[in-house]
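In: sharing a sequence plus its predicted fold:
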2 protein chains.
Amino acid sequence: MDLALAEARSAAGRGEVPVGAVVLSASGVPLSTAGNEVEARRDPSAHAEMLAMRKATQITGSTRLDDCTLVVTLEPCPMCAAAAVHFRVKRVIFGAYDPKGGGVDHGPRVIDHPACLRHPEIIGGVRERENSLLLKDFFRQLRG
Amino acid sequence: MDLALAEARSAAGRGEVPVGAVVLSASGVPLSTAGNEVEARRDPSAHAEMLAMRKATQITGSTRLDDCTLVVTLEPCPMCAAAAVHFRVKRVIFGAYDPKGGGVDHGPRVIDHPACLRHPEIIGGVRERENSLLLKDFFRQLRG
């Protein structure tokens, strides 16, 4: 989560919503890290999780991240939660809960849904206070 | 839908699951087209809709596709349905229904969900028979 937090802080420095993500191999080695790049890429799908998972498959050369863990500072949105299923990650660990935009423990809860083909293990609320403070500070500063 | 179908057929020729997508401007002019590129890019998120919407924002230079229509040969999966909301498309028109993998009229129905921030208009089942035959033929050939 330290690596993901560093990516989130770096994203904030670039004026992006501060979310960071890391993909860990089966043995816990970081395969890829990414921060949110929605503004830089002018791409609303360039969430930290999507970028980190794409990077990881480029590195492994496989379209599957079977034994990997996705670590992200914020509860994934429905798009990223569904992407984690497509990428076949084994586990999703996230920091702050996102009651408005989250898609794992909130909203359509896409991974829990019976129609979901695979059900990665979910561990939410890790270092919740630290992770949610980073976002709150960012939006407070944005509002001036 | 003709353009989307052409992209789907072209994807099949490359050994990809035959799905094609087009983004239309407010006046109905095609801004971008894409076929499924999951295998070619080794990227499970490289669905036709994602690629077409990303291309469209690169072309318009805006992160929003406010008055645009996404046309796709197959019901979007939860990832792509949620992405269409992030990209702020006005309307989603799709061909074949996808009871197993769809996320619009099936599964978590992410756009219909009350937590969904925007609700693009949905028109499903357009040229349903033609669109679903293309997929059925592809999977029949795959099984040999």
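Out: Sure, I can see it. Residues are numbered from 1 along each chain as shown, chains lettered A, B, ... in the order given.
In: all helices of chain A, in order?
Out: A:2-13, A:38-41, A:48-60, A:78-86, A:128-142 (DSSP state H).
In: would you agree A:Val23 is in contact with A:Val89?
Out: Yes - contact criterion C-beta atoms under 8 Å: A:Val23 and A:Val89 qualify, at 7.4 Å. All C-beta spots, glycine's among them, are computed from the backbone N, C-alpha and C.
In: more neighbours: which of the two?
Out: A:Val23 (28 against 24; other C-beta atoms under 10 Å in any protein chain shown).
In: confidence score at the more buried one?
Out: The score at A:Val23 is 98. That number is its pLDDT.
In: need the contact list for it.
Out: Shown in contact with A:Val23 (C-beta atoms under 8 Å, 6 or more residues apart in numbering or on different chains): A:30-33, A:52-53, A:55-56, A:65, A:68-71, A:89.
In: got the residues of chain A near chain B?
Out: A:38-39, A:42-45, A:50, A:53-54, A:57-58, A:61-64, A:77-79, A:81-83, A:86-88, A:100-101, A:103, A:106-110, A:113, A:115-117 (C-beta under 8 Å from any C-beta of the partner chain).
In: please check the residues you listed and keep the buried ones.
Out: Taking 16 or more other C-beta atoms under 10 Å in any protein chain shown as the criterion, what is buried in these is A:38, A:42-45, A:50, A:53-54, A:57, A:63, A:77-79, A:81-83, A:86-88, A:101, A:103, A:106-110, A:113, A:116.
In: how close does A:Thr69 get to B:Asp43?
Out: Distance, A:Thr69 to B:Asp43, by C-beta to C-beta, to the nearest Å: 19 Å.
In: coming back round to it: common neighbours of A:Val23 and A:Val89, please.
Out: The contact sets of A:Val23 and A:Val89 overlap at A:Met53, A:Leu65, A:Cys68, A:Thr69, A:Leu70 (C-beta under 8 Å, 6+ apart).
In: just the closest of those residues to chain B, please.
Out: Distances from chain B to the shared contacts of A:Val23 and A:Val89, taken as C-beta to the nearest C-beta, are shortest for A:Met53 (7.2 Å).
In: close enough to count as contact, A:Thr57 and B:Glu39?
Out: No - checked against C-beta under 8 Å, the pair A:Thr57 and B:Glu39 is beyond contact range at 11.6 Å.
In: now do the shared contacts for the two.
Out: A:Thr63.
In: what pLDDT is listed against the spatially closest residue to A:His119 that is not a sequence neighbour?
Out: Counting by C-beta to C-beta, 6 or more residues apart in numbering or on different chains, the nearest residue to A:His119 once its immediate chain neighbours are dropped is A:Ile111, at 6.0 Å. At A:Ile111, the model reports a pLDDT of 97.
In: rewinding a little: can you select the buried ones among the contacts of A:Val23 for me in ChimeraX?
Out: Selecting only the buried entries of the contacts of A:Val23 in ChimeraX, with 16+ other C-beta under 10 Å as the criterion:
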select /A:31,32,33,52,53,55,56,65,68,69,70,71,89
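In: using a markdown table, please lay out the contacts of A:Val23 together with pLDDT and distance to A:Gly13.
Out: Shown next, in a markdown table, are the contacts of A:Val23 (pLDDT from 0 to 100; distance: C-beta to C-beta, whole Å):
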| residue | pLDDT | distance to A:Gly13 |
| --- | --- | --- |
| A:Pro30 | 98 | 20 |
| A:Leu31 | 97 | 24 |
| A:Ser32 | 98 | 20 |
| A:Thr33 | 98 | 15 |
| A:Ala52 | 98 | 18 |
| A:Met53 | 98 | 23 |
| A:Lys55 | 97 | 20 |
| A:Ala56 | 97 | 24 |
| A:Leu65 | 96 | 28 |
| A:Cys68 | 98 | 27 |
| A:Thr69 | 98 | 26 |
| A:Leu70 | 98 | 23 |
| A:Val71 | 98 | 20 |
| A:Val89 | 98 | 27 |
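In: any idea which of the contacts of A:Val23 is closest to A:Arg129?
Out: Proximity of these to A:Arg129 (C-beta to C-beta) peaks at A:Val71, which lies at 16.8 Å.
In: roughly how far apart are the closest one and chain B?
Out: Plainly put, A:Val71 is 18 Å away from chain B if you go by C-beta to the nearest C-beta, to the nearest Å.
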